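# need the 3D shape of this:
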Amino acid sequence: GSLLNMLLVYRLSVWRYMSRAQHLGSIMNTPSGREAYLSAFLVDSRMRGQGIGTSMLRYWVARARQHGCDTLWLDISETNTHAEALYLNLGFEITGKKSFSGHREAFPVHDSKEMVLRLNGPTKLDAG
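Numbers count the residues shown, from 1 in each chain. Below is the predicted model:
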């Protein structure tokens, strides 16, 4: 299913995308213990501004808490200022920056910012 989705989205450039994935460890967290990590989270640009992203984040916060997690982590591209503003508004904090270690010319990848939402108390996502 994942390969089919990648083929539908990336078409002929899927192989470049998959080769880039070998290096994603340099910019993605590996959750441990009571941490949840949210990856590949996006809302289609035509659907943004309707509360869909906030609703999905509420769902993932609830799921993370059900599994005993006390933090929810994610990484965003340093160029994704709209997502960064949303996450900051919802209570996420920027905790670090990561540099992509792979080859960039074939399929550009921007460095990322690591963000965390602490779940061991009330969050802005709880109201709603």
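
# could you export stretch 116-128 as CSV, CA atoms only?
Output of stretch 116-128 as CSV, limited to C-alpha atoms (Å, rounded to 0.1, in the frame of the first residue of the first chain):
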residue,chain,number,x,y,z
VAL,A,116,7.8,18.6,20.9
LEU,A,117,4.4,18.8,22.6
ARG,A,118,4.5,17.8,26.3
LEU,A,119,1.5,15.7,27.1
ASN,A,120,1.8,15.3,30.9
GLY,A,121,-0.4,18.3,31.5
PRO,A,122,-3.2,20.2,29.7
THR,A,123,-2.5,21.3,26.1
LYS,A,124,-4.2,23.8,23.8
LEU,A,125,-5.4,20.7,21.9
ASP,A,126,-7.4,19.5,24.9
ALA,A,127,-9.9,22.4,24.6
GLY,A,128,-12.1,21.9,21.6
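
# residues contacting it, please?
Stretch 116-128 has contacts (C-beta atoms under 8 Å, 6 or more residues apart in numbering) with 54, 57-58, 61, 64-65, 69-73, 87, 89-93, 95. The way it works is simple: take the backbone N, C-alpha and C, and place the C-beta from them, glycine included.

# tell me where the model's unsure across the protein.
1-32, 100-109, 127-128 (pLDDT under 70).

# in contact with Tyr87, which residues?
Leu74, Ile76, Met115, Leu117.

# now those residues in a markdown table, with distance to Leu38, secondary structure and neighbour count?
As requested, the contacts of Tyr87 are exported to a markdown table (distance: C-beta to C-beta, whole Å; DSSP: H, G, I helix; E, B strand; the rest coil; neighbours: other C-beta atoms under 10 Å):
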| residue | distance to Leu38 | secondary structure | neighbour count |
| --- | --- | --- | --- |
| Leu74 | 4 | strand | 23 |
| Ile76 | 10 | strand | 20 |
| Met115 | 10 | strand | 21 |
| Leu117 | 9 | strand | 22 |
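
# determine which two of those residues are furthest apart.
Ile76 and Leu117 (12.7 Å; C-beta to C-beta).

# so where do the strands sit in the chain?
35-38, 71-77, 93-98, 112-118 (DSSP state E).
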